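Q: Fold the following, please.
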Amino acid sequence: MCLPANPGRGKIAHAEPILSLLCFVVVVSCESKGIPVNSKQLATGVFHHSVHLKEGPWSVHMLELDLPRAWKAGVRLRTVRPGPAGAGLARTSRMATDAVAAINGGFFYDGSPSGLQISKGELVEGPRQQTAFAISSDGKPMVAVFSAQAGLITQSGKLLPILLFNRPPVTNGFTYFNRFVPSTLDSVKSDIGFQLQTLNEQSVINDTVQARVLQVRRKGWPLKLTSDQLLVAGGQNDWHANDVVAGDTVQLFCLLPPAVSGIDEALGGGPRIIRNGYPSVEYQRENLAREFAEQRHPRTAVGYSKDGHFLFLITVDGRQPGYSVGMSLDELAYLMARQLHEFNSSGLNAHQALNLDGGGSTTMVVGNQVVNRPSDQTGEREVANALVVVLSTVAEIEPFNAANSSM
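A: Below you'll find the model as predicted:
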């Protein structure tokens, strides 16, 4: 196992892992043309590659998206949750029905994502202090630790700070609810709340939207919201009834720095494993356990090229001796930062990347079929969300040109 002397810099600390990695490098670099790589084009600008590396052994699956080509052809990335209201858990293959392909999503707790999720510009879960992947409506990817600065501005100009999203209300601030509120929160009990209806279809992410106050409620009421309705509720028990009244027009905003423009989809994970082209396993910075980073497990990860044109969705199977033993985060980072070009179509490595939920959750689906080997004895594990490749329009698949592949 290769351990970094400084996780933020990705240095190697021990001699024995260096020899192991050097052996891996020699095998891939000198014999890369002989490694059997199975590649298939799934849609315009979307490829599936699978490879079995002897130095592990490791079974690796990769979805590679040429984002400019794919976006032009109507391909999109979506983060999805199970159920009509996005509640509970489901298998990745269930959430990827009729999709081009998919991978499992981020970590979860008690049936809900434990990190940022944005779906079609709507906030599902707020950010935490772990790295997340985001993509804009025009197909520009981003990896960062996002923070939230949100609030409601009353008609009189007062600012009500919003601290939580789709979570039980707190007494010292306000909570924002939309149609993605978990089914476990079928009602809200708070000192005051404002049921709102948005007046336009724009996203609140890194923008300001206007909404009309439908009603002001106190103490408690059912949480049944349509796609154009919101609820802002909190513990401000010193508010007077005339501060916000039904019929008022208010403004809502939610900034997610370091992003400065709109985000179409986002999915939390952690930690970051590649920064600016170099392995950088930042588990300490993101308050994650050392054992989680150092031990070999099945892994799922997302990364993209330096120019942002190519996206890589990776799974590595594990816990299956003789077939695939899994990777430490250092090994995963090294693979994505140094070796991806050996068996993909773009001939590029990942310049930025983060780890997603792994272990028994690691799953890749292609054409409604699970193509990797999940490690649980019971098969594919149920998860809270998934990152799905879909066709928003009917796109003609261009023939795969082997001459353009680096393999």
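Q: spatially speaking, which residue is in the middle of the chain?
A: In the chain, the residue lying closest to the centroid (Cα atoms, centre = their mean) is residue 267, at 2.2 Å.
Q: Tell me the bridge partners for it.
A: As for beta bridges, residue 267 partners with residue 117, residue 133 under DSSP bridges.
Q: which ones are touching it?
A: Listed by Cβ atoms under 8 Å, 6 or more residues apart in numbering, the contact partners of residue 267 are 79, 105-106, 115-117, 132-134, 302, 356, 385, 387. From N, CA and C alone the C-beta is placed, and that goes for glycine too.
Q: And residue 391, by the same measure?
A: 43, 74, 75, 76, 100.
Q: Those, buried ones only, as a PyMOL selection?
A: A single PyMOL command selects the buried members of the contacts of residue 391 (16 or more other Cβ atoms under 10 Å):
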select buried, resi 43+75+76+100
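Q: can the contacts of residue 391 go into CSV with extra columns for distance to residue 62?
A: As requested, those are exported to CSV (distance: Cβ to Cβ, whole Å):
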residue, distance to residue 62
43, 15
74, 22
75, 16
76, 19
100, 14
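Q: for the contacts of residue 391, which one is nearest residue 311?
A: Closest approach to residue 311 among these (Cβ to Cβ): residue 75, at 10.5 Å.
Q: Show me what that closest one is bridged to.
A: Going by DSSP bridges, residue 75 forms beta bridges with residue 391.
Q: residues in contact with it?
A: Contacts for residue 75 (Cβ under 8 Å, 6+ apart) come out as 43, 44, 45, 46, 65, 100, 389, 390, 391, 392, 395.
Q: could you dump these to TSV with distance to residue 279, secondary structure and pLDDT?
A: Output for the contacts of residue 75, formatted as TSV (distance: Cβ to Cβ, whole Å; DSSP: H, G, I helix; E, B strand; the rest coil; pLDDT from 0 to 100):
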residue	distance to residue 279	secondary structure	pLDDT
43	31	strand	97
44	32	coil	97
45	27	coil	98
46	26	strand	98
65	22	strand	98
100	30	coil	98
389	26	strand	98
390	31	strand	97
391	34	strand	95
392	35	coil	85
395	35	coil	43
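Q: Tell me the one among those residues nearest to residue 250.
A: residue 392 (32.3 Å).
Q: how does the protein divide into domains?
A: If you go by automatic domain parsing, the domain ranges for the chain are 15-145+261-401, 149-255.
Q: on that earlier part again, how much space between the residue nearest to the centre of the chain and residue 141?
A: For residue 267, the distance to residue 141 equals 11 Å [Cβ to Cβ, to the nearest Å].
Q: do the same with residue 243
A: Counting by Cβ to Cβ, the gap from residue 243 to residue 141 is 42 Å.
Q: pretty sure residue 155 is touching residue 247, no?
A: No: contact criterion Cβ atoms under 8 Å: residue 155 and residue 247 do not qualify, at 9.3 Å.
Q: Can you pick out the residue with more neighbours from the two?
A: residue 155 (14 against 10; other Cβ atoms under 10 Å).
Q: Now do the contacts for the more buried one.
A: By Cβ under 8 Å, 6+ apart, the neighbours of residue 155 are 244, 248, 249, 250.
Q: By neighbours, which of these wins?
A: Most surrounded of these: other Cβ under 10 Å gives residue 244, at 23 neighbours.
Q: is it true that it lies in a helix?
A: No: under DSSP: H, G, I helix; E, B strand; the rest coil, residue 244 falls outside any helix and is assigned coil.
Q: which one is residue 353 nearest to, not counting chain neighbours?
A: Distance criterion Cβ to Cβ, 6 or more residues apart in numbering; nearest residue to residue 353, sequence neighbours excluded, is residue 303 at 3.0 Å.
Q: Could you list everything that neighbour pairs with in the sheet?
A: Bridge pairing for residue 303 - DSSP bridges - gives residue 312, residue 353.
Q: which ones are touching it?
A: By Cβ under 8 Å, 6+ apart, the contact set of residue 303 is 143, 274, 311, 312, 314, 336, 340, 350, 351, 352, 353, 354.
Q: Check which element follows the helix or strand the fifth one falls within along the chain.
A: Meaning residue 314. Taking DSSP states H and E as the criterion, the element that holds residue 314 is strand 310-316. Next along the chain after strand 310-316, taking DSSP H and E as the criterion, comes helix 329-334.
Q: Which secondary structure elements does that next one sit against?
A: The contact analysis (3 or more Cβ pairs under 8 Å, 6 or more residues apart in numbering; DSSP states H and E) places helix 329-334 against helix 15-31, strand 272-275, strand 278-279, helix 290-294, strand 299-304, strand 352-355.
Q: roughly how far is that helix from the heart of the chain?
A: What separates the centre of helix 329-334 from the centre of its chain is 19 Å, taken as Cα atoms, centre = their mean, to the nearest Å.
Q: and it, what's its mean pLDDT?
A: Mean per-residue pLDDT for helix 329-334: 98.
Q: cool, stretch 108-115 as well?
A: Per-residue scores along stretch 108-115 average to 90.
Q: list the buried ones in that stretch?
A: Buried residues in stretch 108-115, counting neighbours by 16+ other Cβ under 10 Å, are found at 108, 112, 113, 114, 115.
Q: Ok, stretch 300-315 next?
A: 300-305, 308-315.
Q: cool, and stretch 192-204?
A: Under the neighbour-count criterion of 16+ other Cβ under 10 Å, stretch 192-204 has 192, 193, 194, 195, 196, 198, 203, 204 buried.
Q: In terms of neighbours, single out the busier of residue 243 and residue 141.
A: residue 141 (21 against 17).
Q: mind listing what the more buried one touches?
A: Here residue 141 is in contact with 67, 133, 134, 135, 304, 308, 311, 352 (Cβ under 8 Å, 6+ apart).
Q: Not counting its neighbours along the chain, what's nearest it?
A: Nearest residue to residue 141, sequence neighbours excluded (Cβ to Cβ, 6+ apart): residue 304, at 4.5 Å.
Q: contacting residues around that neighbour?
A: Residue 304 touches 67, 141, 143, 310, 311, 312, 350, 351, 352, 353, counting by Cβ under 8 Å, 6+ apart.
Q: measure it to residue 340 for me?
A: Residue 304 is 11 Å from residue 340, by Cβ to Cβ.
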